[in-house]
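**Student:** below are the sequence and a predicted model; questions follow.
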Amino acid sequence: MSTAPRRPRNDLAQYDDLAAEWWRAEGAFAALHWLAWARGQLIPRPDGPDALLVDLACGGGLLAPYTGGYRHVGVDLSESALHHARAAGLTVVRGDVTALPLPDAVADVVVAGEIFEHVGDLDAAVAETARILKPYGTLLVDTIADNPLSRLVVGYLQERLPGGPPPRIHDPALFVAPERLRARFDACGVSLRTRGLRVHPGDYLRFLLDRRRLVRLLPAMTALTLYQGIGFRREGSADSDDASGDP
């Protein structure tokens, strides 16, 4: 049972309170392990030895097992999370997704997992995510849909279920409708397709019996709560001549 203090919703300090939980598959961040698996299934093969994957809001580095062949750079605001990410093999950068300390068009792949439902300035976060992606580079995202059902299920019910998010980690006022996210990325030169995600029911039942079990997240016909997106940056939407240096 966690003894972390009660924080305001969406308070970054919660991640410091729960820092010891990052690599506990049965712990407070169990669902983030499931999401890392789902992201990992979409990561393309690297096209060379210098291929760069930037992992925004990388947390404790849970994506590391799925990024073989890439230079894996993790960006996060939480120093305690970056400590764990560094131990997992990431090159870490402390930074805010609304003002990334990275060059333009630097990344072959950008993974933006469980970010957009945490930021107050969605436009800035989307613009920065698109800015660092190379033309024809791959973008992977997942976030939480904005609708009454999602606010009830994710913002209240799931916080009380095994494997659900830690209490008060989300502010439902920041949830993002899929069509809104697609439109924001399209305006920044990134074509994004989205689909819903759902837990594998058999996996979840096994997780209830053995909390160390991975629960796979599968495509869903509708994006009523959690959803995933894959996209690419269109040619001419980035000025690669402005890119300079390595992170």
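**Tutor:** Cool, the structure landed.
**Student:** strands of this protein, start to end?
**Tutor:** Taking DSSP state E as the criterion, the chain contains strands spanning 52-56, 71-76, 91-94, 107-113, 133-144, 190-199, 217-220, 226-233.
**Student:** pull the number of nearby residues for the nearest residue to K134 once chain neighbours are set aside.
**Tutor:** Excluding the flanking residues, the one nearest K134 by CB to CB, 6 or more residues apart in numbering is A105, at 4.9 Å. From N, CA and C alone the C-beta is placed, and that goes for glycine too. Residues lying near A105 (other CB atoms under 10 Å) number 21.
**Student:** okay, and for this protein, where does confidence drop off?
**Tutor:** Across the chain, the ranges flagged by pLDDT under 70 are 1-4, 237-247.
**Student:** against T129, how distant is the most centrally placed residue in it?
**Tutor:** The centroid of the chain falls nearest to G113 when counting by CA atoms, centre = their mean (1.0 Å). In this structure, G113 and T129 are 11 Å apart, going by CB to CB, to the nearest Å.
**Student:** pretty sure the residue nearest to K134 is in contact with Y136, am I right?
**Tutor:** No: taking CB atoms under 8 Å as the definition, A105 is not a contact partner of Y136, at 10.4 Å.
**Student:** which residues touch the closest residue to A87 other than its chain neighbours?
**Tutor:** Once flanking residues are discounted, A87 sits nearest to G61: 7.5 Å by CB to CB, 6+ apart. G61 makes contact with W22, D55, G74, H84, A85, R86, A87, A88, G89, L90, according to CB atoms under 8 Å, 6 or more residues apart in numbering.
**Student:** need the max-distance pair from the residues you listed.
**Tutor:** D55 and A87 (14.6 Å; CB to CB).
**Student:** the more surrounded of these two?
**Tutor:** Using other CB under 10 Å as the criterion, D55 and A87 rank with D55 on top: 30 against 14.
**Student:** report the buried residues of stretch 44-61.
**Tutor:** By neighbour count on 16 or more other CB atoms under 10 Å, the buried set for stretch 44-61 is P46, A51, L52, L53, V54, D55, L56, A57, C58, G59, G60, G61.
**Student:** which residues touch the nearest residue to A130 once chain neighbours are set aside?
**Tutor:** The shortest distance from A130 to any non-neighbouring residue, by CB to CB, 6+ apart, is to C188 (3.7 Å). If you count contacts by CB under 8 Å, 6+ apart, C188 has them with V126, A127, A130, R131, S237.
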